[in-house]
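Undergrad: could you work out the structure for the sequence below:
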Amino acid sequence: MPDAKLKLFADDTNLFLHDSDPVTLFTRANICMSQISEWFKVNKLSLNLDKTCYSIFGSNHKNMTAHTLYINGKVIQNVASCEYLGILIDSD
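TA: Here you go, the predicted structure:
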């Protein structure tokens, strides 16, 4: 994924994208999620969709709630904070 930073560590997968335009950001994110899903399937790995979530960081992150992120047709939950390698990071 040339437009994104993908970090894999043990059973933790994180995707980092940035864009000032919410429509572009979510379009790119949904394309990346589709690609990640396919990569997991081809490599006989599973993705726990119940533990899959996303956060938006930045000063205007509250303006992006009208957009939706999907993987395999399932809506991914937007959360105010998430854990990354044992560290809790909030969207502020």
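Undergrad: what residue lies at the spatial centre of this protein?
TA: Centrality entry for the chain: nearest residue to the mean C-alpha point is Tyr54, 4.7 Å, by C-alpha atoms, centre = their mean.
Undergrad: distance check, that residue against Val42.
TA: Counting by C-beta to C-beta, to the nearest Å, the gap from Tyr54 to Val42 is 23 Å. Where you see a C-beta, it was placed from the backbone N, CA and C, and this is true even at glycine.
Undergrad: which intervals of the protein have sub-threshold pLDDT?
TA: Across the chain, the ranges flagged by pLDDT under 70 are 59-65.
Undergrad: show me where it has strands.
TA: With DSSP state E as the criterion, the chain has strands at 5-9, 12-16, 53-54, 70-71, 74-75, 77-78, 81-84, 87-90.
Undergrad: now tabulate these in JSON lines and tack on distance to Phe26.
TA: Formatted as JSON lines, the entries for the strands of the chain read as follows, by distance: least, C-beta to C-beta, whole Å:
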{"stretch": "strand 5-9", "distance to Phe26": "17"}
{"stretch": "strand 12-16", "distance to Phe26": "13"}
{"stretch": "strand 53-54", "distance to Phe26": "10"}
{"stretch": "strand 70-71", "distance to Phe26": "10"}
{"stretch": "strand 74-75", "distance to Phe26": "12"}
{"stretch": "strand 77-78", "distance to Phe26": "11"}
{"stretch": "strand 81-84", "distance to Phe26": "17"}
{"stretch": "strand 87-90", "distance to Phe26": "20"}
